[in-house]
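S.K.: dropping a prediction and its sequence here:
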Amino acid sequence: MKLPERNRVYQCHHFDSTRWDFFTPRDDDIIIATSYKAGTTWTQAIVANLLFPDGNFPAPPSMLSPWLDFRQVPLELFLGGLESQTSRRFIKTHLPLDGMRYEPNVKYVYVSRDGRDVFMSLWNHYRNMDDDFMFHMNHIPGRVGEEFPAAPEDIHEFWKTWVSGSLFEHEIGGWPYWSHLSNVQSWWDYRHVPNINFFHYNDFLNDTEAEIRRLAAFLAIDIVEEHWDRIIDAISFDSMKARGADYVPDGGTPWKGGADTFLNKGTNGRWRDVLTEQELVQYQALCEQALTPDCRAWLEHGRTSSTL
């Protein structure tokens, strides 16, 4: 069986893949991987509530589950916090799989979403970034490559750069972020590996309990039936919004409006009223270039595409 291999280094204004070189895995670790704005925080909340089904977290889930490759926080803080955890650990990454050191005893949960929905969520995320957060991101020593630019005034200007520019030479689209589509394909190529499993935002929305039970089974977490109603309620959008500071990175401080801004809509399809016909044609061309047909079908439809 072909296994993943790390053959690229990813370093930019946001992350540094070499930080994983200093991470010591445990056999029951959980890695939650996404490109961005595809259900990362929601999946972290789900896993937190599966691991602590009574809802009594030893710390806010955003602290329990750090974004290890994020270069703005000193690596020693992340590693020290993870080392001190006595419960099962769950760690977040936004890296493509070819930038990850593959661990056979770790469970990888890959989550994604239609690129047009990702774009709409990313626009809200990007244009509401706090100025101080942007400054620190660009001026912390060790940044590789260009500065992260401020968001344009117009969403269509952002679309133009997002579909036409690439942060890394081998990727397709995504600028000034990394490529959503290339990220998805890098993981999809290894969907046959038993400790990597795929979950889709649409499926979490449309069949919430069934998908969470499927996730629990993959992670070998046994939940007594009496806890399921509480878990399903706890990970609903309204419940997470009410506890946003616990779930959102840094309590929401990097964004204007805080956690309420980060947890924006939680819906799909908003692009239909925003993107033009020409922009939709551009997106389809980008998908044809970046994705295999089966990956593209899954990314657009989730499990209803019957590719998993």
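M.R.: Alright, I've got the coordinates.

S.K.: looking at the protein, which helix or strand does the model trust least?
M.R.: helix 259-262 (a mean of 55; mean pLDDT, DSSP states H and E).

S.K.: any idea which residue is closest to the centre of the chain?
M.R.: Nearest to the centroid of the C-alpha atoms of the chain, with distances taken as Cα atoms, centre = their mean, sits Thr34, at 3.1 Å.

S.K.: any idea how many residues pack against the residue nearest to Met63 when sequence neighbours are not counted?
M.R.: In this structure, Met63 finds its nearest non-sequential neighbour in Gly81, 6.9 Å apart by Cβ to Cβ, 6 or more residues apart in numbering. Any C-beta I mention is one placed from the backbone N, CA and C, and that applies to glycine too. As a burial measure, Gly81 scores 15 neighbours (other Cβ atoms under 10 Å).

S.K.: give me the three-state assignment for Gly81.
M.R.: Following DSSP: H, G, I helix; E, B strand; the rest coil, Gly81 is assigned to helix.

S.K.: is it in contact with Leu68, as I believe?
M.R.: No. The pair Gly81 and Leu68 does not pass the contact test of Cβ atoms under 8 Å, sitting 10.4 Å apart.

S.K.: for the residue nearest to the centre of the chain, give me the backbone phi and psi.
M.R.: phi -150, psi 170 (degrees, to the nearest 10).

S.K.: tell me where the chain has strands.
M.R.: Listed in chain order, the strands of the chain (DSSP state E) span 30-33, 90-93, 107-112, 196-200.

S.K.: helices of the stretch 51-200 of the chain, start to end?
M.R.: In the stretch 51-200 of the chain, the segments counted as helices under DSSP state H, counting those that start in this stretch are 61-64, 75-84, 115-127, 131-139, 155-164, 180-188.

S.K.: off-centre distance for the second one?
M.R.: In terms of Cα atoms, centre = their mean, to the nearest Å, the centre of helix 75-84 is found 20 Å from the chain centre.

S.K.: and for stretch 51-68?
M.R.: Centroid displacement of stretch 51-68 relative to its chain, using Cα atoms, centre = their mean, is 16 Å.

S.K.: which positions in that stretch come out as buried?
M.R.: Leu51, Phe52, Pro53, Pro61, Ser62, Met63, Leu64, Ser65, Pro66, Trp67, Leu68 (16 or more other Cβ atoms under 10 Å).

S.K.: quick check: the two most widely separated of those?
M.R.: Within those, Pro53 and Leu68 form the most distant pair, 25.2 Å apart (Cβ to Cβ).

S.K.: show me the shaky parts of the stretch 151-300 of the chain.
M.R.: 244, 248-268 (pLDDT under 70).

S.K.: what's the burial count for the residue nearest to Cys287 when sequence neighbours are not counted?
M.R.: With Cβ to Cβ, 6+ apart as the criterion, Cys287 has its nearest non-adjacent residue at 5.1 Å, and that residue is Arg296. Counted with other Cβ under 10 Å, the neighbours of Arg296 add up to 21.

S.K.: I figured Arg296 hits Leu286, correct?
M.R.: No. Under the criterion of Cβ under 8 Å, Arg296 is not in contact with Leu286, lying 10.3 Å apart.

S.K.: contacting residues for Lys2?
M.R.: Residues in contact with Lys2, defined by Cβ atoms under 8 Å, 6 or more residues apart in numbering, are Tyr190, His192.

S.K.: that one and Ser62, how far apart?
M.R.: Taking Cβ to Cβ, to the nearest Å as the measure, Lys2 falls 35 Å from Ser62.

S.K.: and Ala45, by the same measure?
M.R.: Shown here: Ala45 relative to Ser62, a distance of 9 Å by Cβ to Cβ.

S.K.: who touches Asp273 in this structure?
M.R.: Applying Cβ under 8 Å, 6+ apart, one finds that Asp273 lies in contact with no residue.

S.K.: contacts only, for the nearest residue to Ile172 once chain neighbours are set aside.
M.R.: Using Cβ to Cβ, 6+ apart and skipping the chain neighbours, the partner closest in space to Ile172 is Ala290 (4.1 Å). For Ala290, the contact set (Cβ under 8 Å, 6+ apart) comprises Ile172, Gly173, Ser179, Leu181, Ser182, Gln185.
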